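> I need the structure of the sequence given here:
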Amino acid sequence: MRERAAQEVNPKTGRLGAEDPSKSPPSGPPTRMAAALKLSGVRKNYGQVVAVDGVDLEVSDGEFFTLLGPSGSGKTTLLRLIAGFERPDSGRIELEGRDITSMPPYLRNTNTVFQDYALFPHMSVAENIGYGLKVRGVSKGAREKRVQRALEMVRLAGLGRRRPNQLSGGQRQRVALARAVVNEPEVLLLDEPLGALDLKLRQEMQIELKQIQQEVGITFVYVTHDQEEALTMSDRMAVMSAGKIEQIGTPVEVYERPASEFVAGFIGISNVLVRDGVRFVIRPEKIRMLAEGEAAPADTTVEPGTVEEVVYVGMSTRYVVHLDRGEQLVAVRQNMDALGDAKKFVGRPVRLAWTQEHTFVLDKGR
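Predicted structure coming up:
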């Protein structure tokens, strides 16, 4: 089992629970070793609806692992099964090698961060963060040190006396995170915690959340339907659909080499083509729009078409092209210079080019 954190803040490291520098968690993506969490054949039905359909999953110690999928894919149900809020109809759930399948939530060394924060409005920020420690009987002195360290960790030092209603949405989210992390769970479960934040703050919190996870070294299992969140923060991710896991891999693996047409369509924008009986994926940013008279590089596939629509999205422009062979492709060009009137391209003939190395053949067996 992984070394558990100490009750006091270590003066040598300034960390929660690191007894000496040699035991401090490393930065960067962890090396996959022991499984912090293991699910074997987990299944959950609600009447005739199969919410989780025989899921097998291993999450490594210290890993930031994301469950990604659309609404109704089973990701939140799976998180609730891990937390103990629901019981599986079959299968086994292990935490650090211990069978916790039938354990109630309060006996599992996990904590959950929800989208609605669930803070106590009548308590101060510091009292909210330290509440779990108080319930566990941690002494006042030790509790205050750990709360102060948690406040510093989430960039809220000096705000411990405020009430939740005196904080912004982003600050309240940090309090909810600190309250969970300060208890030093073996696995921290996060159920779409950034969903209520605006886009800019959500993007900032994605980076901060990953930094905090690396600092404390706790295993994170994160649920989201937002592909950008999953790609930005995850060491690995599982893409779910209809209660099953479609693919598990690093963000690069899942994006560049989707295991199914569902994954290809759900993660970003994908063009799926069939040529000579082979179905393959080509991402929009991999497609070149050749200038008039421009010769195509060697070993490049070139197909003509007509621009049907142009969508300006700030950093780039998206071109929807109807190929002469009948399909529709989306190509993306980065806006290196001022674009001007992009609509002038609508109706123009173009040639699209891509290389073999930028295509990925979908598994015919799926």
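> What spatial separation is found between residue 192 and residue 53?
From residue 192 across to residue 53, the span is 21 Å (Cβ to Cβ, to the nearest Å). C-beta coordinates here come from the backbone N, C-alpha and C atoms, glycine included.
> and the lengthiest helix in the chain, what does it pack onto?
For the chain, the longest helix by residue count, based on DSSP state H, is helix 199-216. Contact analysis of helix 199-216 by 3 or more Cβ pairs under 8 Å, 6 or more residues apart in numbering; DSSP states H and E lists helix 140-153, helix 169-181, helix 227-233 as its packing neighbours.
> can you give me the offset of it from its chain's centre?
With Cα atoms, centre = their mean, to the nearest Å as the basis, helix 199-216 stands 11 Å off its chain's centre.
> Likewise for stretch 144-157?
The gap between the average C-alpha position of stretch 144-157 and the chain average comes to 25 Å, counting by Cα atoms, centre = their mean.
> Over to stretch 275-286?
Stretch 275-286 sits 26 Å away from the centroid of its parent chain (Cα atoms, centre = their mean).
> Now do the buried residues in that stretch.
The neighbour-count check on stretch 275-286 (16 or more other Cβ atoms under 10 Å) flags 281, 282, 283, 284, 286 as buried.
> could the helices and strands packed on helix 199-216 go into TSV alongside mean pLDDT, mean neighbour count and distance to residue 96?
Putting the helices and strands packed on helix 199-216 into TSV (pLDDT from 0 to 100; neighbours: other Cβ atoms under 10 Å; distance: least, Cβ to Cβ, whole Å) gives the following:
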stretch	mean pLDDT	mean neighbour count	distance to residue 96
helix 140-153	90	18	22
helix 169-181	87	23	17
helix 227-233	92	20	23
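> Export these to a markdown table and append columns for distance to residue 210.
A markdown table is the format used below for these (distance: least, Cβ to Cβ, whole Å):
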| stretch | distance to residue 210 |
| --- | --- |
| helix 140-153 | 13 |
| helix 169-181 | 12 |
| helix 227-233 | 5 |
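> Out of these, the one nearest residue 82 is which?
Counting by Cβ to Cβ, residue 82 lies closest to helix 169-181 out of those; the figure is 14.1 Å.
> what helices or strands is that closest one leaning on?
Counting contacts by 3+ Cβ pairs under 8 Å, 6+ apart, the secondary-structure elements packed against helix 169-181 are strand 110-113, helix 125-135, helix 140-153, helix 199-216.
> Mean neighbour count, the ones you listed: which tops it?
strand 110-113 (a mean of 23; mean count of other Cβ atoms under 10 Å).
> mind listing what that strand pairs with, with the direction of each?
Sheet pairing of strand 110-113 (DSSP bridges) gives strand 187-191 (parallel).
> can you list the domains in this structure?
For the chain, the structural domains run 21-261, 274-361, going by automatic domain parsing.
> Let's have those in TSV, adding distance to residue 268.
Formatted as TSV, the domains of the chain follow (distance: least, Cβ to Cβ, whole Å):
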stretch	distance to residue 268
domain 21-261	6
domain 274-361	7
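> just those domains: most buried one?
Each of the domains of the chain was assessed for mean neighbour count using mean count of other Cβ under 10 Å. The highest is domain 21-261, with a mean of 18.
> pLDDT at residue 341, what is it?
As summarised for this prediction, residue 341 has a pLDDT of 63.
> Likewise for residue 21?
For residue 21, the model assigns a pLDDT of 39.
> ok, now residue 366?
Reading off the per-residue confidence, residue 366 sits at a pLDDT of 42.
> Renumber starting at 594 from here on
Sounds good: first residue 594 from here, last item residue 959.
> right, and the helices and strands packed on helix 762-774 - which one's nearest residue 756?
The minimum distance between residue 756 and the helices and strands packed on helix 762-774 falls on helix 718-728, with 7.4 Å, by Cβ to Cβ.
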